[in-house]
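*Asks:* Okay, predicted coordinates and the sequence, questions at the end:
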Amino acid sequence: MAGVCRTCHFFQANVYPGSEKPHRCAFQDMPMSDHHADHICPEHKEPETA
């Protein structure tokens with residue numbers, strides 16, 4: 001199910017503060033910018049709930 005990176009289980013916000021790519025995708029193990037965090041990803045996974 002595709003979805004926006006910011007709402008994904010694998011999205012990690014502000015892992016690299018002060019960087020041009022402050023966020024991280026744990027699925028792809030790569031840093032990402034604010035712009036890329038708003039993209040649609042086919043690997044999107046809904047966050048797990050407790």
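*Replies:* That came through fine. Keep in mind the model is a prediction, meaning the values are calculated, not measured.
*Asks:* pLDDT at the nearest residue to I40 once chain neighbours are set aside, what is it?
*Replies:* The shortest distance from I40 to any non-neighbouring residue, by C-beta to C-beta, 6 or more residues apart in numbering, is to A2 (5.2 Å). All C-beta spots, glycine's among them, are computed from the backbone N, C-alpha and C. pLDDT, A2: 74.
*Asks:* where does this structure dip in pLDDT?
*Replies:* For the chain, the stretches flagged by pLDDT under 70 are 1, 50.
*Asks:* What ranges does it have for its helices?
*Replies:* In the chain, the segments counted as helices under DSSP state H are 34-37.
*Asks:* contacting residues around the residue nearest to the spatial centre of it?
*Replies:* Central residue check for the chain by C-alpha atoms, centre = their mean: the C-alpha nearest the mean position is that of F11, 3.0 Å away. Shown in contact with F11 (C-beta atoms under 8 Å, 6 or more residues apart in numbering): C5, H23, R24, C25, A26, A37.
*Asks:* For the first one, list the residues it contacts.
*Replies:* Meaning C5. By C-beta under 8 Å, 6+ apart, the contact list for C5 reads F11, H23, C25, M32, H36, A37, D38, H39, C41, H44.
*Asks:* Which pair in these has the greatest spatial separation?
*Replies:* Spatial extent of the contacts of C5 (C-beta to C-beta) is set by the pair H23 and H44 at 14.6 Å.
*Asks:* Looking at the two, which one has more neighbours?
*Replies:* Neighbour count, other C-beta atoms under 10 Å: between H23 and H44, H23 has more, with 20 against 17.
*Asks:* Show the contacting residues for A2.
*Replies:* Going by C-beta under 8 Å, 6+ apart, A2 touches I40, C41, P42, H44.
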